[in-house]
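Enquirer: take this sequence and fold it.
(chains A and B)
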Amino acid sequence: GENVEQHPSTLSVQEGDSAVIKCTYSDSASNYFPWYKQELGKRPQLIIDIRSNVGEKKDQRIAVTLNKTAKHFSLHITETQPEDSAVYFCAATAGGSQGNLIFGKGTKLSVKP
Amino acid sequence: SAVISQKPSRDICQRGTSLTIQCQVDSQVTMMFWYRQQPGQSLTLIATANQGSEATYESGFVIDKFPISRPNLTFSTLTVSNMSPEDSSIYLCSVGGLAGMDTQYFGPGTRLTVL
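Expert: Numbers count the residues shown, from 1 in each chain, chains lettered A, B, ... in the order given. As a prediction, this is how the structure comes out:
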């Protein structure tokens, strides 16, 4: 079945710097890759997603890139702010199925003022 | 997106008892899912709640332990049966299929502690 690896597990950056989180997936049939942000004690919030027919997507300070050949996708946050501090999860659809998401283990991002 | 609510928001239960968690969404959705998130861990899919038919369980999860109902397109329940301390976790429902898209949105979660 699908396996999603996420790195790094923790990331600490200075305010204003960029942060990059990388994920790899195993199932070449996966076609949807969302990213969620989870603040302490709160539900995961979708921040950006990308589908397999697109190589890159950007939304203000957040961007996601997808390399289908290498089976990896990355989250890029520019001009980080303290409120970006949270745990970020990547996910991929399992076996190309509609809806079944397999999550990475998460990255705890700390942005220091 | 949609407004998703869960009841209860938290509970403390005794070993051997069962708890039913409700998930309500304010619009009809084609897909509803149940996840478990153990403390400090990632999200693990328990099952897909199918409207009008039996839920589809992921490896490691069985219907006798986690019976699921989905009577209509806006409501689902997950029961955690014969609980043990290892069941202490956050249980989240998610919905998808809004506007025909597979994007999933999560409910606020139910924090379960089993003593």
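Enquirer: and the nearest residue to residue A:56 once chain neighbours are set aside, what does it touch?
Expert: The shortest distance from residue A:56 to any non-neighbouring residue, by Cβ to Cβ, 6 or more residues apart in numbering or on different chains, is to residue A:65 (4.9 Å). Where C-beta positions appear, they are placed from N, C-alpha and C, glycine not excepted. By Cβ atoms under 8 Å, 6 or more residues apart in numbering or on different chains, residue A:65 lies in contact with A:50, A:55, A:56, A:73, A:74, A:76.
Enquirer: which helix or strand contains residue A:65?
Expert: Using DSSP states H and E, the element containing residue A:65 is strand A:62-67.
Enquirer: next up, the contacts around the most centrally placed residue in chain B.
Expert: The centroid of chain B falls nearest to residue B:34 when counting by Cα atoms, centre = their mean (3.3 Å). Residues in contact with residue B:34 (Cβ under 8 Å, 6+ apart) are B:23, B:45-47, B:49, B:66, B:68, B:76, B:78, B:91-94.
Enquirer: mind redoing it with 7 Å?
Expert: Residue B:34 is in contact with B:46, B:47, B:49, B:68, B:78, B:91, B:93, counting by Cβ atoms under 7 Å, 6 or more residues apart in numbering or on different chains.
Enquirer: which SS state does it fall under?
Expert: strand (DSSP: H, G, I helix; E, B strand; the rest coil).
Enquirer: re earlier: any of the contacts of residue B:34 buried? List them.
Expert: Neighbour counting with 16 or more other Cβ atoms under 10 Å in any protein chain shown marks B:46, B:47, B:49, B:68, B:78, B:91, B:93 as buried within the contacts of residue B:34.
Enquirer: so the fourth one touches residue B:81, yeah?
Expert: No - counting by Cβ atoms under 7 Å, no contact exists between residue B:68 and residue B:81, whose distance comes to 11.2 Å.
Enquirer: tell me the buried residues in the strand holding residue A:65?
Expert: Applying 16+ other Cβ under 10 Å to strand A:62-67 flags A:62, A:63, A:64, A:65, A:66 as buried.
Enquirer: can you check what pLDDT the model gives the second one?
Expert: Which is residue A:63. Each residue has a pLDDT score; the one for residue A:63 is 98.
Enquirer: now for the buried residues of strand A:62-67: which two are most distant?
Expert: Distance extremes for those: the farthest pair is A:62 and A:66 at 14.1 Å, using Cβ to Cβ.
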